[in-house]
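Engineer: sequence plus the predicted model coming up.
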Amino acid sequence: QLKLVESGGGLVQPGGSLRLSCAASGFKLADYAVGWYRQAPGKEREGVSCISHTGGSTNYADSAKGRFTISRDNAKNTVYLQMNTLKPEDTAIYYCAATIVCGAAIDYWGQGTQVTVSS
């Protein structure tokens, strides 16, 4: 079965950090670019960051620049999103998605992991 599974979400205080993981099973994640998206209550899903299949190219939404870092370990079939200096407005369900190239149509979505930033 082909799937992506996110983990690492949770409740954190403002200013805190979390690292999300996106693990692939049933296919080789190294063949895909991987993006992180998020959806807050009452809002549309938005792109947060994306990394090329080799890891040589990354991009970030303005809201993530300087605070979030995307990386990947193709040997572990996993992509990460390190999130620092978290703010309440970062509260959302975070999804990872595999695509042939950043910005293209998504081939696989994960089920999402909840991130809540609150004191």
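Structural biologist: Received the coordinates, thanks.

Engineer: only C-alpha atoms for contact and neighbour calcs from this point on.
Structural biologist: Fine.

Engineer: and for residue 12, the neighbour number?
Structural biologist: 18 (other Cα atoms under 10 Å).

Engineer: which residues in this structure form strands?
Structural biologist: For the chain, the strands defined by DSSP state E cover 3-7, 10-12, 18-25, 33-39, 46-51, 58-60, 68-73, 78-83, 92-99, 106-109, 113-117.

Engineer: Throw the ones you listed into CSV and include mean pLDDT, thanks.
Structural biologist: Below are those laid out as CSV (pLDDT from 0 to 100):
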stretch, mean pLDDT
strand 3-7, 97
strand 10-12, 98
strand 18-25, 97
strand 33-39, 98
strand 46-51, 98
strand 58-60, 98
strand 68-73, 98
strand 78-83, 98
strand 92-99, 98
strand 106-109, 95
strand 113-117, 98
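
Engineer: what residue lies at the spatial centre of the protein?
Structural biologist: Nearest to the mean C-alpha position of the chain, by Cα atoms, centre = their mean, lies residue 36 at 2.9 Å.
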